[in-house]
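Enquirer: prediction below, plus the sequence it came from.
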Amino acid sequence: MALFLLTFLCLYGGINFYFFFRARAVLHFSGILQAIALLSLVLLIVAPILVRVLEALHYETLARTVACIGYVWMAFVFTFFFLSLSLELIRLVHKLIVPDTATVALKTATFSLAVFLSAVLVIYGYFDAQQVRLKHLQIETAAVLPENGRLRIVQISDVHVGIIIRNSRLDPVLEKIREVKPDMLVSTGDLLDGELDNIMNDAGRFAAIKAPYGKFAVLGNHEYYAGLRRSIEFTEAAGFRLLRDERVEAAGITIFGEDDITGRRPGETAKSAAFQKALAEKREGFVLLLKHQPYIDPDGQFHLQLSGHTHGGQLFPFGLFTKIYFPRNYGLHELASGKQLYISRGAGTWGPPVRVFAPPEITVIDLVKKD
């Protein structure tokens, strides 16, 4: 954790000071204005840490205020950084082609354009993050399905209930789930984020959603960050049966739920090893695997794996970087004949309550009896 914090502060601090020096070169502020700007910048850099400290001290209102300001700024400065570098590269190429171009005027223009575009994208992304979409998939199976030969599985992922995503910010998610009337509801991790004080009412709101064939969940990395015991308490209070390297039969299908690698590596414990062995066995009927991070077990005998974690990048162009770790970053992927992976962009946000070109979603999977 200390190494992570040090790395974060160096990288994030560097991006912020890049903005500061670019702004100072264009706006020419000094003296008291420069001191105020530097102090504000330092506070914005450490804002994510301040949020956790304030949460731990139970200064909830102040923590939420700092989180909103600090994380929206984070979205802005990251967007500015990538846009500014791109525009500066264009400026340098232009300078090589037209050497007598006014350098100062162009630097001012690229800075101003980067600030303007960043502000527009963050404002757009702030409101778009609250517009939850429905993603519909239809998957045929030869397995026996209940009643009319159709089973509707609704997947939520990466909701990140916590300091920002709560109360009214949860309304679009809950409304969309009710709208599609799930036969089965599954959560593929990161239902929670951060401290868990005063959010049990939100667990009750999830519990009020009915799914005739059950509600199942697996842990994500943020359940471990938030505190495992209380995360389990929240998940179960929300009406989910938590699967931690376990399998269950429901609605004529087999559901495997794998614990997140934040807790332990696959096969590391006797229970996990037994789970991996069971997953590698062929069985009758449709097999659904719930797994937070979209790593693929090549020996796994499943028909559909549901995952999340990547957020589809959440902020452009971070989707390009998440593909380095997860080449399958979002969407439906054919792994082999009759073996598919779906990665959800998630319904909430981590850090900045902003999504740019990676809108939030709830996945509606209709399993249909093959003729």
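Expert: Happy to help now that I have it.
Enquirer: how about the helices in this structure?
Expert: Counting by DSSP state H, the chain has helices at residues 2-27, 31-45, 47-56, 60-97, 103-128, 171-180, 200-207, 221-226, 228-237, 270-279, 318-325.
Enquirer: of all the ones you listed, which one is nearest residue 294?
Expert: helix 318-325 (9.7 Å; C-beta to C-beta). Where you see a C-beta, it was placed from the backbone N, CA and C, and this is true even at glycine.
Enquirer: could you check the angle that closest one makes with helix 60-97?
Expert: Put simply, helix 318-325 runs at 90 degrees to helix 60-97, going by axes from the mean of the first three to the mean of the last three C-alpha atoms, to 10 degrees.
Enquirer: how about the helices of the chain, which one is nearest residue 345?
Expert: Comparing the helices of the chain by C-beta to C-beta, helix 318-325 comes nearest, at 9.5 Å.
Enquirer: and that closest one, which residues are buried?
Expert: For helix 318-325, a neighbour-count test (16 or more other C-beta atoms under 10 Å) marks 318, 319, 322 as buried.
Enquirer: state the mean pLDDT of that helix.
Expert: In this model, helix 318-325 carries a mean pLDDT of 87.
Enquirer: find the residue at the geometric middle of the protein.
Expert: For the chain, the residue nearest the mean C-alpha position is residue 311 (3.8 Å; C-alpha atoms, centre = their mean).
Enquirer: which pLDDT does the model give that residue?
Expert: Residue 311 is given a pLDDT of 96.
Enquirer: hang on, it packs against residue 345?
Expert: Yes. Between residue 311 and residue 345 there is a contact under C-beta atoms under 8 Å: 5.8 Å.
Enquirer: so what sits against both of these two?
Expert: Here residue 311 and residue 345 have 158, 358 as joint contacts, going by C-beta atoms under 8 Å, 6 or more residues apart in numbering.
Enquirer: residues contacting the residue nearest to the centre of the chain?
Expert: 158, 322, 345, 346, 349, 350, 355, 358.
Enquirer: do the same with residue 103
Expert: For residue 103, the residues meeting the contact criterion (C-beta under 8 Å, 6+ apart) are residue 95.
Enquirer: need the pLDDT of it.
Expert: Turning to residue 103, the model gives it a pLDDT of 77.
Enquirer: now it: how far from residue 91?
Expert: 8 Å (C-beta to C-beta, to the nearest Å).
Enquirer: and the pLDDT for residue 59?
Expert: As predicted, residue 59 sits at a pLDDT of 87.
Enquirer: neighbours of it, just the number please.
Expert: Taking other C-beta atoms under 10 Å as the criterion, the count of residues near residue 59 is 15.
Enquirer: and it, how far is that from residue 160?
Expert: Going from residue 59 to residue 160 by C-beta to C-beta gives 20 Å.
Enquirer: and residue 250, by the same measure?
Expert: In this view, residue 250 and residue 160 are 26 Å apart by C-beta to C-beta.
Enquirer: looking at these two, which is more packed in?
Expert: More crowded of residue 250 and residue 160, by other C-beta under 10 Å: residue 160, with 26 against 19.
Enquirer: the more buried one reaches residue 187, doesn't it?
Expert: No. Residue 160 is not in contact with residue 187 according to C-beta under 8 Å; the separation is 11.7 Å.
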